[in-house]
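[1] turn this into a structure:
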Amino acid sequence: MEFKIHNVYGEEKLSSIAKKYDTTPEEIKALNPQAKFIKLPFSSTVVGHGQQIKIPIPEKKVIQTQFYSDAPLNNFIFNSKARYRCEQINSTKVNNTLTSYVNQKTQYLLEQNLEEKYARTELEEFLYEVIPPALADSFELVKSTEFIKNKAYFQLSENGKIEKLLNRNAILKQWNEFKEKDFSKLPFIASLKDKETIKNIEQAGDKQFNNPNIQEYQRTLFNFLCFDQYLYKPIEELEKEEFFYASTLLPPLVIPLEFRYDKVRENKNMLTIKKIAEVKLSDKLIQELTAKYNEMLKPAIKYSFTEYKLFFSCIIEFDTETKLLEKGSVSLKEEVADNIENTCEFSLTRLLNYTP
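    Predicted coordinates:
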């Protein structure tokens, strides 16, 4: 069953929450056996403040909001094009000592028709440096699947977000051809002795390409910056938006955020926007973070849980006439203070000479 997360602020009636999401109190209770539900005398059941509860998505809604379709690709006409180079640096430190480092440099082609609300992206280059070097072979698999996944046609929503993948079958065909011809030849796959592990990797790819996930495309950092509210709305009308961050330190926990958009400066047709997240940590979520840290990380790190911190912000330089980004950056740092931290620094720059 698919579900979404609801954050409880104050004591909310269970029936009101169920009505909001077109489900039933019984289904919510069944999906949240650990949650605190309070039955008031001669009244309704309320959900205790500060909890994150799972909300089932009715089957009919999953079908209605299916993320992919297949449109004739020769029908698309693009009137806006740009090429970008990006750099993404991910690192992990434990007790202030660097334990892993990945530097990815990519090049993307972006084509769009905002009047018709569709766009196309294509990954053209993928370069990387990995520490420790032993991880390099596994990145060849990552590189191969990224090229397949990121040759995509999208339908956009009224808020400029990716709403639907329009060439799922073409991407799936590429995956199946790669799986048949090149998958087993990759050094990383060839080095694996356990056939069950190889089968699991292959099945994970089948699942990814047969049933593409909207969040996976939306959260690719290139797409995250290029497709947003500012494609269709002036800065004064940009609305705060809810976002759920999947923890990389303490999976599968999800951290609720709220992004706001601040105007930094505006010069003629060039607008600079800062998009910054406010982290919402309930007492219950802090308890869950502590428990997950004790389970996953404390045996290796030794030190006790201290304080969970998350910083997530973006800077966007946007041409309001062409509706294209000129520059953009993302800064992300997740940490259990003084114990372990994951950082991600991403930047993109529009190419001025090597254009479509």
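
[2] where do the helices sit along the stretch 51-200 of the chain?
    Taking DSSP state H, counting those that start in this stretch to define them, one finds helices in the stretch 51-200 of the chain at 59-64, 136-149, 168-181, 187-191, 195-210.

[3] what angle do helix 195-210 and the second one make with each other?
    Right, the one you point to is helix 136-149. Note on geometry: by axes from the mean of the first three to the mean of the last three CA atoms, to 10 degrees, helix 136-149 and helix 195-210 are set 30 degrees apart in direction.

[4] quick one, what contacts residue 286?
    residue 308 (CB atoms under 8 Å, 6 or more residues apart in numbering). Backbone N, C-alpha and C define where each C-beta goes, glycine included.

[5] whoops, I mixed them up, residue 312
    Counting by CB under 8 Å, 6+ apart, the residues that residue 312 touches are 245, 257, 276-277, 279, 330-332.

[6] could you say which helix or strand holds it?
    strand 308-319 (DSSP states H and E).

[7] what's the first helix or strand after that strand?
    strand 324-336.

[8] so for that following strand, what gets flagged as buried?
    Under the neighbour-count criterion of 16 or more other CB atoms under 10 Å, strand 324-336 has 324-330, 332, 334-336 buried.

[9] same check, this time on stretch 24-35
    For stretch 24-35, burial by neighbour count (16+ other CB under 10 Å) applies to 25, 27-29, 32, 35.

[10] next one: stretch 226-234
    Applying 16+ other CB under 10 Å to stretch 226-234 flags 226-231 as buried.

[11] got it, and stretch 106-115?
    For stretch 106-115, a neighbour-count test (16+ other CB under 10 Å) marks 106-112 as buried.

[12] the residue lying closest to residue 149 once chain neighbours are set aside and residue 294, how far apart?
    Residue nearest to residue 149 in three dimensions, not counting chain neighbours: residue 171, with 6.6 Å by CB to CB, 6 or more residues apart in numbering. Residue 171 sits 41 Å away from residue 294, going by CB to CB, to the nearest Å.

[13] among the buried residues of stretch 226-234, which lie within helices?
    residue 226 (DSSP state H).

[14] pipe the buried residues of stretch 226-234 into a markdown table and attach pLDDT and distance to residue 164 per row.
    Listed next are these as a markdown table, based on pLDDT from 0 to 100; distance: CB to CB, whole Å:
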| residue | pLDDT | distance to residue 164 |
| --- | --- | --- |
| 226 | 97 | 16 |
| 227 | 97 | 12 |
| 228 | 96 | 17 |
| 229 | 95 | 18 |
| 230 | 95 | 20 |
| 231 | 95 | 16 |
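
[15] format the buried residues of stretch 226-234 as a markdown table; extra columns: distance to residue 17.
    Shown next, in a markdown table, are the buried residues of stretch 226-234 (distance: CB to CB, whole Å):
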| residue | distance to residue 17 |
| --- | --- |
| 226 | 34 |
| 227 | 30 |
| 228 | 29 |
| 229 | 27 |
| 230 | 32 |
| 231 | 32 |
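
[16] ok, residue 311 - how many residues close by?
    When neighbours are counted by other CB atoms under 10 Å, residue 311 registers 13.

[17] ok, the nearest residue to it once chain neighbours are set aside - contacts?
    Spatially, and ignoring its direct neighbours in sequence, residue 311 is nearest to residue 333 (4.7 Å; CB to CB, 6+ apart). By CB under 8 Å, 6+ apart, the contact set of residue 333 is 309-311, 341-344.
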